[in-house]
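>>> Pasting a predicted model and its sequence here:
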Amino acid sequence: MNTKRSEPAAISTKTSTARKGNMTTNKQQETGEAKRTAIRPKPKRVADYDEVVTEDLWSYYRQAVEADPKKAHEVEKIRNVLMERHYPLVKYIAERLQQTLPRSIELDDLISAGLFGLMDAIRGFDPERGFKFKTYCSTRIRGSILDQLRSQDWVPRLVRLKATRIDKALQALTSQYGREPTHSELAESLELSHGDLSKEISGGTAKAVFSISERWDDSSEDGGEKSEIIEDKKATDPISELHQKDLMVYLTRSLTSKERFIIEQYYQVGHTMREIGEMLALTESRVCQIHSNVMGRLKGLLGQKEGTLLM
């Protein structure tokens, strides 16, 4: 009797123990979920966003965009962090493009244009579509840089397209004939007249811009700049100046001091006949008369030296 009565008590003890175990398990699961939820609290400051993984940062950015418009400063903070993390990508794309461009194009200008493309990519990116942001923004960054370069091109885009069309036709005919096509064959292939084809070829000729501050030898800092050898057409040529002085001395050596003074002041200094007359206390007509007599004698002298002096 005592043994049979003790069995239900043992069963009830096991049941209560199992219930306590289930309750403990549920509490542990709830505690674990609470801990997981508390692992990634939403940041409040910019310094906090720097510690967040990029994937989670996009969710914070979307929450900030969809939140109250008055919290626009929060969107700007997260966007700045995203731009800092993807800045190396912008610099990489800019450096790759710079290798195909003239040296006059600065890397900083390309990076600046690429950053605008990065900003547009951040605004338009939707993580729910399932593709990576790097794939999406690379195209936008490159396109932004190319748009900036096209805006600085003084040749219209239509002219560039025509030049590309002529180049493709030239390559196709060269491959077909095994030689470079003639002007008439190229015009017939493009369905253009000879005059129109010549205009398009001359208008689409590539033009390059070079910086005069570039050095001739980039590997050495001792190399001079290109600006140092550019001719100043307004400057006086010293050799020509010496030749003129020697010629003036030769021509005026047989003249009197008054005649020589009139010729030098009129042709070298640039004074008028009236100003020369005032300096010599002569009338303007008298100075003109002396000038005419001197020029007549010099022409005769130069005519005699035609085979030596003037050749």
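Ah, there it is.

>>> For G277, give its distance to H291.
Applying Cβ to Cβ, to the nearest Å, the value for G277 to H291 is 11 Å. All C-beta spots, glycine's among them, are computed from the backbone N, C-alpha and C.

>>> L280 and R297: what is the separation?
19 Å.

>>> Give me the number of neighbouring residues for D108.
8 (other Cβ atoms under 10 Å).

>>> secondary structure element for it?
For D108, the enclosing helix or strand under DSSP states H and E is helix 107-124.

>>> How about Y250?
Using DSSP H and E, Y250 falls in helix 238-251.

>>> tell me what the next helix or strand after that helix is packed against?
Where DSSP H and E defines the elements, the next helix or strand beyond helix 238-251 is helix 257-264. In terms of contacts (3 or more Cβ pairs under 8 Å, 6 or more residues apart in numbering; DSSP states H and E), helix 257-264 is packed against helix 238-251, helix 273-280, helix 284-304.

>>> want to throw those helices into CSV with distance to L97?
As requested, the helices and strands packed on helix 257-264 are exported to CSV (distance: least, Cβ to Cβ, whole Å):
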stretch, distance to L97
helix 238-251, 46
helix 273-280, 63
helix 284-304, 64
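
>>> what's the most buried one of those helices?
For those, the largest average neighbour count (mean count of other Cβ atoms under 10 Å) is found in helix 273-280, namely a mean of 16.

>>> contacts for that one?
Under the criterion Cβ atoms under 8 Å, 6 or more residues apart in numbering, residues 258, 261-262, 265-266, 271, 282-284, 286-288, 291 lie in contact with helix 273-280.

>>> With stretch 250-257 instead?
Residues contacting stretch 250-257 (Cβ under 8 Å, 6+ apart): E259, R260, I263, E264, V294, L298, L301.

>>> Name the nearest residue to the first one, sequence neighbours excluded.
This means E259. V294 (5.1 Å; Cβ to Cβ, 6 or more residues apart in numbering).

>>> Report pLDDT for that neighbour.
Here the pLDDT value assigned to V294 is 88.

>>> so how far is F125 from it?
From V294 to F125 the distance is 86 Å (Cβ to Cβ).

>>> residues touching Y267, list them.
Y267 neighbours (Cβ under 8 Å, 6+ apart): M248.

>>> looking at this, it is in a strand?
No - using DSSP: H, G, I helix; E, B strand; the rest coil, the assignment for Y267 is helix, not a strand.

>>> Need the pLDDT of it.
pLDDT at Y267 comes out at 85.

>>> Might you list the low-confidence residue ranges for the stretch 101-250 of the chain?
Regions of the stretch 101-250 of the chain meeting the criterion pLDDT under 70 cover residues 154-155, 204-211, 213-224, 226-227.

>>> One more pass at 90, please.
Applying pLDDT under 90 to the stretch 101-250 of the chain picks out residues 101-106, 120-137, 139, 147-250.

>>> Dump the contacts of helix 273-280 to CSV, plus distance to G114.
Shown next, in CSV, are the contacts of helix 273-280 (distance: Cβ to Cβ, whole Å):
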residue, distance to G114
K258, 75
F261, 70
I262, 70
Q265, 65
Y266, 64
H271, 62
L282, 75
T283, 76
E284, 71
R286, 77
V287, 71
C288, 72
H291, 70
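
>>> Please identify which of those is nearest to E191.
Proximity of these to E191 (Cβ to Cβ) peaks at Y266, which lies at 64.5 Å.

>>> now that closest one: how far from R85?
Distance of Y266 to R85, given as Cβ to Cβ: 76 Å.

>>> now do T182
Counting by Cβ to Cβ, the gap from T182 to R85 is 57 Å.

>>> now the one helix or strand R62 maps to against helix 107-124, angle please.
Under the criterion of DSSP H and E, R62 resides in helix 54-66. Between helix 54-66 and helix 107-124, the angle formed by their directions is 70 degrees, by axes from the mean of the first three to the mean of the last three Cα atoms, to 10 degrees.

>>> packing partners for helix 54-66?
Counting by 3+ Cβ pairs under 8 Å, 6+ apart, helix 54-66 packs on helix 72-98.

>>> What average pLDDT does the helix it packs on get?
Mean predicted confidence for helix 72-98 is 86.

>>> That one - contacts with which helices or strands?
helix 46-49, helix 54-66, helix 107-124, helix 133-151.

>>> Just tell me which of those ends up closest to A163.
helix 133-151 (14.3 Å).

>>> Against which helices or strands is the closest one packed?
Using 3+ Cβ pairs under 8 Å, 6+ apart, helix 133-151 sits against helix 72-98, helix 107-124.

>>> Whichever helix or strand comes after it: which residues count as buried?
Using DSSP H and E, the helix or strand that follows helix 133-151 towards the C-terminus is helix 157-177. Buried residues in helix 157-177, counted by 16 or more other Cβ atoms under 10 Å: K162, A163, I166, A169, L170, L173.

>>> which of those residues lies closest to M248?
For the buried residues of helix 157-177, the nearest to M248 is A163 (53.7 Å; Cβ to Cβ).
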